[in-house]
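**Q** quick one, structure for this:
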Amino acid sequence: MTEVVEKLHEESMVYKTLLESTKAIPWRIQWDSLSFSYIGPQIEELLGWAPESWGSVQDWADRIHPEDRDWAVNFCVAQSKAGVDHEADYRALCKDGNYVWIRDVVHVVRKDDGSVDALVGFMFDISERKRTEQRLVELQRELEALSFKDGLTGIANRRRFDAVFEEEWDNARRNGRPLSMLMLDIDYFKQYNDHYGHVQGDYCLKVVAKTLEKAVRRPHDFLARFGGEEFVLVMPDTDAGTAMQIAERCHELIRTEWIPHERSMAGMALTLSVGAGTVVPMAGDERQAFLELVDRRLYSAKVRGRNTTVSGEH
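**A** So this is what the prediction gives:
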């Protein structure tokens, strides 16, 4: 009998040594007292708290980040009461005041009658994984931002315009508020490219984009490159009179910038033609029809000699 006991003790020590030599931190909680009957010594290396300081479940709860504590504790308690094995990720407080991301893997041990006897599990340091996940999220956001940005000018692109225009159209229709739009085209841009070269033409587009950004003063006004040498300015909650004032501001900003254009038939410096429109969308109105209306007004501005704004088709 003594040999059996010694053998069992020896095997127990072997298992204990194996558990305590891993990076995973083993632990055991007695369910009826909600107290730790064991926690691996690795916990002190990771969090700084000595094993003997882990007395009750309350000690565990108190060492969870305040933002994670309620849901982590409530989730683990509910799952344990239901006898369900589970996992929980949360930030654990270190003795020095810092936090470490922990993944707790919990197994419910039952008595013969099916009631909960104990909880056993492992804590894993997943801080590096969380940092990687956060970086991936940031990269995804960066990629998404790039997908909505015009590669040449740095302002929003046509794809972003389509999304914003749809959203602002729906908002204006729902709230019964005016929505205004300007479509702006660089006059005689082909002649500019032919005379100054495409490299200078690209630089010109960048300058125009930066200049038009100065006209966007309100948080919800939105400027995008529509394509080629065309730009579009969406102005929510803006009446026709204000839209014309902003159009004139765009003309003035470009005049002030004074970009030489020797091949223009509208003057010696670069100018813009602008189509303007304002609408309070009603049920059944189509945003594409409004866009086409503003585009026709832009064409009318070109027909009328350019370097002007047309806000009606008369």
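**Q** got a list of what Ala215 touches?
**A** Ala215 makes contacts with Leu223, Leu233, Ile246, Arg249, Cys250, Leu253, as judged by Cβ atoms under 8 Å, 6 or more residues apart in numbering. In this view, the C-beta of every residue, glycine as well, is placed from N, C-alpha and C.
**Q** tell me the secondary structure for the nearest residue to Gln30 once chain neighbours are set aside?
**A** Nearest residue to Gln30, sequence neighbours excluded (Cβ to Cβ, 6 or more residues apart in numbering): Ser37, at 5.0 Å. Using DSSP: H, G, I helix; E, B strand; the rest coil, the structure places Ser37 in strand.
**Q** next one: Ser37 from Ala88, what distance?
**A** Distance from Ser37 to Ala88, counting by Cβ to Cβ, to the nearest Å: 20 Å.
**Q** I'd guessed Val57 sits against Ile29; true?
**A** Yes - the pair Val57 / Ile29 is scored as a contact, 6.5 Å apart, by Cβ atoms under 8 Å.
**Q** okay, and the common contacts of these two?
**A** Common neighbours of Val57 and Ile29 (Cβ under 8 Å, 6+ apart) are Ser35, Phe36.
**Q** before we move on, the earlier item: just the buried members of the contacts of Ala215?
**A** For the contacts of Ala215, a burial check counting by 16 or more other Cβ atoms under 10 Å picks out Leu223, Leu233, Ile246, Cys250, Leu253.
**Q** the residues you listed in strands, which ones?
**A** Residues of those located in strands (DSSP state E): Leu223, Leu233.
**Q** pLDDT added to the buried ones among the contacts of Ala215, as CSV?
**A** Conversion of these to CSV gives the following (pLDDT from 0 to 100):
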residue, pLDDT
Leu223, 97
Leu233, 97
Ile246, 96
Cys250, 97
Leu253, 97
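**Q** mind putting the buried ones among the contacts of Ala215 into a markdown table with distance to Arg63?
**A** Below are those laid out as a markdown table (distance: Cβ to Cβ, whole Å):
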| residue | distance to Arg63 |
| --- | --- |
| Leu223 | 50 |
| Leu233 | 54 |
| Ile246 | 57 |
| Cys250 | 59 |
| Leu253 | 58 |
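**Q** nearest to Leu47 among the contacts of Ala215?
**A** Here the nearest of the contacts of Ala215 to Leu47, counting by Cβ to Cβ, is Leu223; it sits at 50.7 Å.
**Q** so how far is Glu229 from the closest one?
**A** Distance of Leu223 to Glu229, given as Cβ to Cβ: 14 Å.
**Q** what of Glu44?
**A** Distance from Glu44 to Glu229, by Cβ to Cβ: 67 Å.
**Q** same thing with Thr308?
**A** 17 Å.
**Q** tally of neighbours for Ala266?
**A** Neighbour count of Ala266, defined by other Cβ atoms under 10 Å: 17.
**Q** wait, a helix at it?
**A** No - per three-state DSSP, Ala266 lies outside any helix segment and is coil.
**Q** isn't it up against Arg306?
**A** Yes - using Cβ under 8 Å, Ala266 is in contact with Arg306, at 4.5 Å.
**Q** overlap in contacts, those two.
**A** Shared contacts of Ala266 and Arg306, counting by Cβ under 8 Å, 6+ apart, come down to Asp187, Tyr188.
**Q** could I get the full set of helices for this protein?
**A** 2-20, 42-47, 57-62, 66-81, 127-147, 158-175, 189-196, 198-213, 240-257, 287-303 (DSSP state H).
**Q** looking at Ser37 and Ala88, which is more packed in?
**A** Ala88 (18 against 11).
**Q** can you pull the contacts of that one?
**A** Residues in contact with Ala88 (Cβ under 8 Å, 6+ apart) are Ala72, Phe75, Cys76, Arg103, Asp104, Val106.
**Q** buried members of the residues you listed into PyMOL, please.
**A** The PyMOL selection below is limited to those of the contacts of Ala88 classed as buried (16+ other Cβ under 10 Å):
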select buried, resi 72+76+103+104+106
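**Q** would you turn the contacts of Ala88 into a markdown table with pLDDT?
**A** Putting these into a markdown table (pLDDT from 0 to 100) gives the following:
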| residue | pLDDT |
| --- | --- |
| Ala72 | 95 |
| Phe75 | 95 |
| Cys76 | 94 |
| Arg103 | 95 |
| Asp104 | 95 |
| Val106 | 96 |
